[in-house]
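turn this into a structure:
(2 chains)
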Amino acid sequence: MAADHLDNYIDSVATALALPVEEAWRPAVRANLEVSLRLARLVDEFPLPDETEPASVYTA
Amino acid sequence: MTANTDGLSAQQIAQAVTDRKLSALDATEAALARIAKHDSVLNSFTDVTADRARATAKAIDAKIAAGQEIGPLAGVPFAVKNLFDVKGLSTRAGSKINRDLAPSSRDAMLIERMEAAGAVLVGALNMGEYAYDFTGENVHDGPSRNPHDPTRMTGGSSGGSGSAVGGALVPIALGSDTNGSIRVPSSFCGIFGLKPTYGRLSRARSFPFVASFDHLGPFARNVGDLALAYDAMQGPDADDAACTTRPVEPVTPLLAQGIDGLRVAVAGGYFQKYVFPEAVEAVSRVAKALNATTTIEIPEAARARAAAYVITTTEGASLHLDRLRKRPNDFDPAVRDRLIAGAMVPAPLVDRAQKFRRWYRAKVLELFKSVDVIIAPATPCIAPKLGQVNFVLDGVELPVRANIGIHTQPISFIGLPVVAVPVPLEPMPIGVQIIAAPWREDIALRVAHALERMGVAAAPPPRGF
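Residues are numbered from 1 along each chain as shown, chains lettered A, B, ... in the order given. As a prediction, this is how the structure comes out:
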């Protein structure tokens, strides 16, 4: 995501979640989000069968 | 005069207390004296529960005088990472914010089980804020310091646990490991650490971080003590939704079985990249001692680490969302900014990470059909200097903080049991992961015990203070 798009995204999600993001924090938040999205992309591009169950723990 | 128990193992203390050669109170006073003498350097303790410890020790001595059995940890001092509930203390979890919590009304389950076996809690230990840390640094309490060189990191987030045991203030400490927080401080501080199988030990009444990956476990200066603590803490607990219903499977009686017949392989690929020469040397020594001549590829380990990162940052953000809204300025800014970013990762990417985890688990379990043990570095390097920001790995300058755990994350991601064993290199020790199949802590501990007996793994005496 281009930097300005990511800034817009940060503003939108911060508003939606009622999260404060002061201007002084923004570069660090953006840098962290870029890392998270880069690593998430690495997972995202890995093909998995539709039937794959998530691994989260729940026992009825 | 305080009895000198310096250098005694937990097993030796328990034996001496049981044989009435040493009182539990004297063992406790000796630990308190060590803490008073050395913790100004190590900064490993945030709370010393001296009154409670003396009362517990006196009660043990009274029972012994009355001819009652105490347990395998009779009179053994221990301490816990300050995310464990300790009755009467606010569970700070390395934070400023949690100091406003009401004091805990009951101890964490694992403290109760340690004390039921005769151990004596002497305090709570420093840690990285909310466990989102690999360094052992803490902006509120100051960094825990490495017992072999106080200018270096302990590793985190269980930094105080590594420092207190590495510094021989107490023979046993408890910590937590979400992505490496037991194995990293074990490596940097030169001690043994056990991250059991996910779900093996109850997390009840400890402050969480990432429900999918949170584990609790012990640190010790030798494998016998590690096993003793682990055995004392096993058992089902309905108060932890992830805790197994498997029966207690004691490992202490199995340690002497040796390792004949075990198939050991070295993790290749990803685990042989991003390493400094000291990590290569440590793995090589362990591999040679175990006659491990085969290399095994753990598939998609880099992606596993990426998925662990995504799940960690998002579950962590979810946990702290309200605190981020209400008290953002009371966080360590570095933790806050990571958590805020974590709150912004789109949900489908998190779901895919959990699905990938299922896929990866199946692939790695396949490997355990042909091997019993996989060895891998615990950290890419020896303990960095406190405050160090970057290091150069494989020719690339990378941030220290985020990359210390690159070899531990793909393993805890699927909850495999691991013993981190210390290899006493000069000038600083470094750890190696002994990784086994789920629920086979016994195998990892037997291998660690064998390495200890061969002299390949050992906790070096502290020499930094």
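
pull the longest helix from chain B.
In chain B, taking DSSP state H as the definition, the longest helix is helix B:301-326.

so which elements touch it?
helix A:26-44, helix B:333-342, helix B:347-367, helix B:409-412 (3 or more CB pairs under 8 Å, 6 or more residues apart in numbering or on different chains; DSSP states H and E). For every residue, glycine as well, the C-beta is placed using N, CA and C.

quick one: the last one to chain centroid distance?
This points to helix B:409-412. 14 Å (CA atoms, centre = their mean, to the nearest Å).

correct me if wrong, but B:Ala265 is in a strand.
Yes. When DSSP: H, G, I helix; E, B strand; the rest coil is applied, B:Ala265 is found to be in a strand.

get me the contact residues on chain A for chain B.
Taking CB under 8 Å from any CB of the partner chain as the criterion, chain A approaches chain B at residues A:9-10, A:13-14, A:17-22, A:25, A:28-30, A:32-33, A:35-37, A:39-40, A:42-44, A:46, A:48, A:52-57, A:59.

from those, list the buried ones, please.
A:9-10, A:13-14, A:19, A:21, A:25, A:28-30, A:32-33, A:35-37, A:39-40, A:42-44, A:46, A:54-55 (16 or more other CB atoms under 10 Å in any protein chain shown).

packing partners for the helix or strand encompassing B:Arg285?
Using DSSP states H and E, B:Arg285 sits in helix B:277-289. Using 3+ CB pairs under 8 Å, 6+ apart as the contact test, the elements touching helix B:277-289 are strand B:264-267, strand B:373-377, strand B:418-423, strand B:430-436, helix B:441-453.

paired strands for the shortest one, with orientation please.
As defined by DSSP bridges, the strand partners of strand B:264-267 come to strand B:294-296 (parallel), strand B:373-377 (parallel).

can you tell me what sits against the first one?
Meaning strand B:294-296. With contacts defined as CB atoms under 8 Å, 6 or more residues apart in numbering or on different chains, strand B:294-296 is touched by B:Ala265, B:Val266, B:Ala267, B:Gly268, B:Leu367, B:Ser370, B:Val371, B:Ile374.

beta partners for the second one?
Pointing back at B:Val266 there. B:Thr295, B:Ile375.

hmm, back to that, kindly calculate the angle that the longest helix of chain B makes with helix A:26-44.
Put simply, helix B:301-326 runs at 140 degrees to helix A:26-44, going by axes from the mean of the first three to the mean of the last three CA atoms, to 10 degrees.

need the contact list for the residue in the stretch 151-300 of chain B positioned nearest to chain A.
Taking CB to the nearest CB, chain A has its nearest neighbour within the stretch 151-300 of chain B at B:Ala242, 5.1 Å off. Contacts for B:Ala242 (CB under 8 Å, 6+ apart) come out as A:Val57, B:Tyr198, B:Gly199, B:Arg203, B:Ala211.

could you grab the helix/strand/coil label for it?
coil.

between the contacts of strand B:294-296, which has the most around it?
Using other CB atoms under 10 Å in any protein chain shown as the neighbour criterion, B:Ile374 leads the contacts of strand B:294-296 with 28 neighbours.

number of nearby residues for the closest residue to that residue other than its chain neighbours?
Of all residues beyond its chain neighbours, the one nearest B:Ile374 is B:Ile435 (4.4 Å), with distances taken as CB to CB, 6 or more residues apart in numbering or on different chains. By other CB under 10 Å, the residues close to B:Ile435 number 27.

B:Ile435 and B:Val266, how far apart?
11 Å (CB to CB, to the nearest Å).

and for those two, which residues touch both?
Listed as contacting both B:Ile435 and B:Val266 by CB under 8 Å, 6+ apart are B:Ile374, B:Ile375, B:Ala376.

redo those as JSON lines? Include pLDDT.
Shown next, in JSON lines, are those (pLDDT from 0 to 100):
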{"residue": "B:Ile374", "pLDDT": "98"}
{"residue": "B:Ile375", "pLDDT": "98"}
{"residue": "B:Ala376", "pLDDT": "98"}
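
would you turn those into a markdown table with distance to B:Ala117?
Formatted as a markdown table, the shared contacts of B:Ile435 and B:Val266 follow (distance: CB to CB, whole Å):
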| residue | distance to B:Ala117 |
| --- | --- |
| B:Ile374 | 31 |
| B:Ile375 | 31 |
| B:Ala376 | 31 |
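
burial of the closest residue to B:Val456 other than its chain neighbours, as a residue count?
Leaving aside its sequence neighbours, B:Val456 sits nearest to B:Ala289 (CB to CB, 6+ apart; 4.4 Å). Using other CB under 10 Å, B:Ala289 is surrounded by 18 other residues.

B:Asp260 too?
For B:Asp260, using other CB under 10 Å, the count is 6.

now do B:Ala55
The burial count for B:Ala55: 14, using other CB under 10 Å.

next one: B:Leu73
Using other CB under 10 Å, B:Leu73 has 28 other residues around it.

before we move on, the earlier item: the residue nearest to B:Ile374 reaches B:Asp372, doesn't it?
No. Counting by CB atoms under 8 Å, B:Ile435 sits too far from B:Asp372 to count as a contact (10.0 Å).

the residue nearest in space to the middle of chain A and B:Gly224: what is the separation?
Centroid-nearest residue in chain A, with CA atoms, centre = their mean: A:Leu37, separated by 5.4 Å. For A:Leu37, the distance to B:Gly224 equals 46 Å [CB to CB].

got it, and B:His449?
7 Å.

what sits in contact with each of the two?
B:Leu255.

more crowded one of those two?
More crowded of B:His449 and B:Gly224, by other CB under 10 Å: B:His449, with 26 against 20.

hmm, the more buried one is touching B:Pro253, no?
No. With contacts counted by CB under 8 Å, B:His449 stays clear of B:Pro253, the gap being 11.9 Å.

and the end-to-end length of stretch B:101-113?
With CA to CA, to the nearest Å applied, stretch B:101-113 spans 24 Å between its terminal residues.

try stretch B:168-187
One end of stretch B:168-187 sits 15 Å from the other (CA to CA).

distance from the chain centre to it, please.
With CA atoms, centre = their mean as the basis, stretch B:168-187 stands 3 Å off its chain's centre.

do it and chain A meet?
No. Counting by CB under 8 Å from any CB, chain A is not contacted by stretch B:168-187; separation bottoms out at 12.7 Å.

who wins for neighbours among the contacts of B:Ala242?
B:Arg203 (24 neighbours).

could I get the strands paired with strand B:264-267 as a markdown table with distance to B:Glu281?
A markdown table is the format used below for these (distance: least, CB to CB, whole Å):
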| stretch | distance to B:Glu281 |
| --- | --- |
| strand B:294-296 | 17 |
| strand B:373-377 | 10 |
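
out of those strands, flag the one nearest B:Ala65.
B:Ala65 sits nearest to strand B:373-377 of all these, at 45.2 Å, using CB to CB.

residues in contact with that closest one?
So strand B:373-377 is contacted by B:262-267, B:271, B:275, B:279, B:282-283, B:286-287, B:290, B:292, B:296, B:298, B:367, B:407, B:411, B:430-436, B:443-444, B:447 (CB under 8 Å, 6+ apart).

can you give me the helices in the stretch 1-150 of chain B?
B:10-18, B:24-42, B:50-65, B:109-116 (DSSP state H, counting those that start in this stretch).

what's the closest of these to chain A?
Comparing these by CB to the nearest CB, helix B:109-116 comes nearest, at 17.8 Å.

for that closest one, packing partners?
strand B:77-81, strand B:120-125, strand B:172-177, helix B:223-233.

show me what the shortest one is packed against.
When contacts are defined as 3+ CB pairs under 8 Å, 6+ apart, strand B:77-81 packs onto helix B:24-42, helix B:109-116, strand B:120-125, helix B:159-166, strand B:172-177.

could you pull out the buried residues of that strand?
So for strand B:77-81, counting by 16+ other CB under 10 Å, buried means B:Pro77, B:Phe78, B:Ala79, B:Val80, B:Lys81.
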